[in-house]
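*Asks:* The following comprises the amino acid sequence and a computationally predicted model.
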Amino acid sequence: QSGQNTKIVEQVVRELTKVGEGQRQGADVATQLQRLQDTLKNTKQRGMLGEYSLKVILDNYFPHNYESQYEFKDGKKVDFVLRVKEKLIPIDSKFSLDNYQRLLEAENDQERSKYESAFKADLKARIDETAQYIKPDEGTMDFAFMFIPAEAIYYDLLVNRVGAVKSNTKDLIQYAMSERKVAIVSPSSFLAYLQTIIEGLRAMQIEESTKQIIKRVEGLRG
């Protein structure tokens, strides 16, 4: 009986040790989440996080075709440019989170309406900032990408009257594309755009090869 009791005590101790380890791991995760939350509260660090996530995507798809912190003649710097043939595609990361967070935490319709308007004003300002990097006279395409690293914010832009934003935000996307030539993308949708660019590059290469073949055939005929 004493031996059985000893075994039971040992099992209980082992289980308690596992529980203690689980609690410690849970505390570590909570600490890491708190650090991430503190990071997102800082505007500069939040911007760096957005740029980093964009860099990871470009590293995976165009490791040798992009340049970071590209400077134009007027001294303005865009986060990234993607080189396609002799042209540049400006890509800027924007993370307008402050008023969106306030919108999520709004306690009544008056506050919600106030922060919705502020959030839309923030995004419009970011669109206008991104449009400044469209400089065809300096070799850029006639459009630019505005990268939003937060899928939730991007989703609220796309889906009208669903999610945190209850007012119409589709007009912002139309304004960006039709008036400012800015394509708003998220991490998931940006990959789709990149795939389109890759296919376009392949088509351009095929077209160029076809031209060279035609020239050589003409020379051979001569």
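*Replies:* Done, it's in. All values derive from a computational prediction rather than experimental measurement.
*Asks:* Please tell me how far the spatially most central residue of the chain sits from residue 203.
*Replies:* Centroid check for the chain by Cα atoms, centre = their mean gives residue 149 as the closest residue, at 2.8 Å. Separation of residue 149 from residue 203 (Cβ to Cβ, to the nearest Å): 30 Å. For every residue, glycine as well, the C-beta is placed using N, CA and C.
*Asks:* Tell me where the model's unsure across the chain.
*Replies:* Applying pLDDT under 70 to the chain flags residues 1-9, 12-13, 16-48, 95-97, 159-170.
*Asks:* show me where it has strands.
*Replies:* Assignment of strands within the chain using DSSP state E yields the ranges 66-71, 77-84, 87-93, 144-147, 182-185.
*Asks:* mind checking which of those strands is nearest residue 128?
*Replies:* Proximity to residue 128 (Cβ to Cβ) singles out strand 182-185 among these, at 8.6 Å.
*Asks:* elements contacting that closest one?
*Replies:* For strand 182-185, the packing partners by 3 or more Cβ pairs under 8 Å, 6 or more residues apart in numbering; DSSP states H and E come out as helix 109-131, strand 144-147, helix 151-158.
*Asks:* Of the ones you listed, which stretch is the most buried?
*Replies:* strand 144-147 (a mean of 24; mean count of other Cβ atoms under 10 Å).
*Asks:* strands paired with that strand, and their directions?
*Replies:* Strand 144-147 has these partner strands in its sheet, going by DSSP bridges: strand 87-93 (parallel), strand 182-185 (parallel).
*Asks:* CA atoms only: put the first one into CSV for me.
*Replies:* Coordinates of each C-alpha in strand 87-93 appear next as CSV, following Å, rounded to 0.1, in the frame of the first residue of the first chain:
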residue,chain,number,x,y,z
LYS,A,87,10.1,50.5,-65.9
LEU,A,88,9.6,50.8,-62.1
ILE,A,89,6.5,50.0,-60.1
PRO,A,90,6.3,52.0,-56.9
ILE,A,91,5.1,50.1,-53.8
ASP,A,92,4.5,51.8,-50.5
SER,A,93,3.4,50.2,-47.2
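*Asks:* Only the buried residues of it, if you could.
*Replies:* Across strand 87-93, burial judged by 16 or more other Cβ atoms under 10 Å covers 88, 89, 90, 91, 92, 93.
*Asks:* Show me where the chain has its helices.
*Replies:* Per DSSP state H, the chain carries helices over the ranges 2-41, 43-61, 98-104, 109-131, 151-158, 170-174, 187-221.
*Asks:* picking up where we left off before, closest to residue 114 out of the strands paired with strand 144-147?
*Replies:* strand 182-185 (23.3 Å).
*Asks:* can you list contacts of that closest one?
*Replies:* Applying Cβ atoms under 8 Å, 6 or more residues apart in numbering, the external contacts of strand 182-185 come out as 127, 130-131, 134, 143-148, 154, 157, 172-173, 176-177, 193.
*Asks:* could you redo the last one with a cut-off of 10 Å?
*Replies:* 54, 57, 89-92, 94, 123, 126-131, 133-134, 143-148, 153-154, 157-158, 172-173, 175-177, 189-194 (Cβ atoms under 10 Å, 6 or more residues apart in numbering).
*Asks:* pretty sure residue 67 is touching residue 78, no?
*Replies:* Yes - with contact defined as Cβ atoms under 10 Å, residue 67 and residue 78 form a contacting pair (9.5 Å).
*Asks:* who touches both of the two?
*Replies:* Common neighbours of residue 67 and residue 78 (Cβ under 10 Å, 6+ apart) are residue 88.
*Asks:* Which one of the two is surrounded by more residues?
*Replies:* Comparing residue 67 with residue 78 by other Cβ atoms under 10 Å, the one with more neighbours is residue 78, at 26 against 13.
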